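>>> Predicted structure and sequence below. I'll ask about it afterward.
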Amino acid sequence: MPIVIKSERDIELMRQACRITAGARTIARQGIRDGVTTHELDREIRRYIVKNGASPTFYHYAGFPGNACISVNEEVIHGIPGPRVIHSGDIVSVDVGAKIHGFTGDCAGTYPCGEITPEAADLIAVTRQSFFEGIRFARVGYRISDIGHAVQQYVESHGYSVVRAYVGHGVGAELHEEPEVPNYGEPGHGPRLVKGMTLAVEPMVNAGTFDIRVLSNDWTVVTADGKLSAHYENTILITDGEPEILTMADDI
């Protein structure tokens, strides 16, 4: 499929979808506390998205049963909301999308429940910052792999590893559009970035090996060695200058 370059009208609709998506991430972050279940968080996320006139992009996407992906500790991505209780000391990754007027936003973040270890806090901070290191190269004229190379260099310089099996992607009318946006690799490869591209850049970073496995539910991805994982994502727009982070409003 070709890369879809968004028109000015498309971009304004994307901004609306992304504002709601970012707000849903805030709701999730604020709801993380000792004793809450992942189902309860998911319910509040859905309530917020629907209240704002949108629909949860992930709900029944390829059969996914939740409104958001909620992944705890060693779970990398695609955690299915359910009866699991979150406890103080856990780290919780929330990946959420909202669709309105035919366009969707996509964002994620990993957040602490109560007091967490210094090691877990560092993993979260490095994962988040790796996103910003990557989008320094999200400018007209650079190539897709320049983003991922910068992410990988930063992550590995801190002793962590970048997941290879899952990558970022274009986003717009569809949740997953071209191009793929890996978080690793050599620079200077892949499509050249042009104004009007909208991308979901999403480092997934493991405390140990980058190897993963998928649980028997055929959705939830966990680290192969059982160590912690963190996830950070925003939808960005390629402009004439610095990239515009469309889902950033909630994450000061």
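Sure, I can see it. Every value quoted in this text rests on a predicted model; they were computed, and no experiment measured them.
>>> Wait, Thr104 touches Gly170, no?
No. Look at Thr104 against Gly170 with CB atoms under 8 Å: they stay out of range, at 11.2 Å. The C-beta positions use only the backbone N, C-alpha and C, and glycine is treated the same way.
>>> So which of those two has more stuff around it?
In terms of neighbours (other CB atoms under 10 Å), Thr104 is the more surrounded of Thr104 and Gly170; the figures are 31 against 23.
>>> Next up, phi/psi of the more buried one, please.
Here the main-chain torsion angles of Thr104 (degrees, to the nearest 10) amount to phi -130, psi 150.
>>> How about the one 5 residues further on?
Recorded main-chain torsions at Gly109 are phi -160, psi 160, according to degrees, to the nearest 10.
>>> shouldn't it be in contact with Ile91?
No. Counting by CB under 8 Å, Gly109 stays clear of Ile91, with 10.5 Å between them.
>>> can you give me the helices for the stretch 1-150 of the chain?
Assigned by DSSP state H, counting those that start in this stretch, the helices in the stretch 1-150 of the chain fall at 8-31, 38-51, 118-135, 144-157.
>>> Quick check: which of the ones you listed is buried the most?
By mean neighbour count, with neighbours taken as mean count of other CB atoms under 10 Å, helix 144-157 ranks first of the helices of the stretch 1-150 of the chain at a mean of 23.
>>> Can you spell out which helices and strands pack onto that helix?
Packing contacts for helix 144-157, counted by 3 or more CB pairs under 8 Å, 6 or more residues apart in numbering; DSSP states H and E, involve helix 118-135, strand 161-162, strand 177-181.
>>> Minimum distance to Ala150: which of those has it?
With CB to CB, the closest approach to Ala150 among those belongs to helix 118-135: 4.8 Å.
>>> how many degrees apart are that closest one and helix 144-157 in direction?
Calculated by axes from the mean of the first three to the mean of the last three CA atoms, to 10 degrees, helix 118-135 forms an angle of 160 degrees with helix 144-157.
>>> Taking strand 177-181 as reference, get the angle to helix 118-135.
With the same axes, to 10 degrees defining the directions, helix 118-135 sits at 120 degrees from strand 177-181.
>>> okay if I get the helices and strands packed on helix 144-157 as a markdown table plus distance to Thr223?
Formatted as a markdown table, the entries for the helices and strands packed on helix 144-157 read as follows, by distance: least, CB to CB, whole Å:
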| stretch | distance to Thr223 |
| --- | --- |
| helix 118-135 | 11 |
| strand 161-162 | 9 |
| strand 177-181 | 21 |
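>>> would you turn those into JSON lines with distance to His231 and mean pLDDT?
Supplementary listing: those in JSON lines, determined by distance: least, CB to CB, whole Å; pLDDT from 0 to 100:
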{"stretch": "helix 118-135", "distance to His231": "7", "mean pLDDT": "98"}
{"stretch": "strand 161-162", "distance to His231": "11", "mean pLDDT": "98"}
{"stretch": "strand 177-181", "distance to His231": "14", "mean pLDDT": "98"}
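>>> And these: which comes nearest Thr247?
Set against Thr247 and scored by CB to CB, the helices and strands packed on helix 144-157 come closest in helix 118-135, at 11.1 Å.
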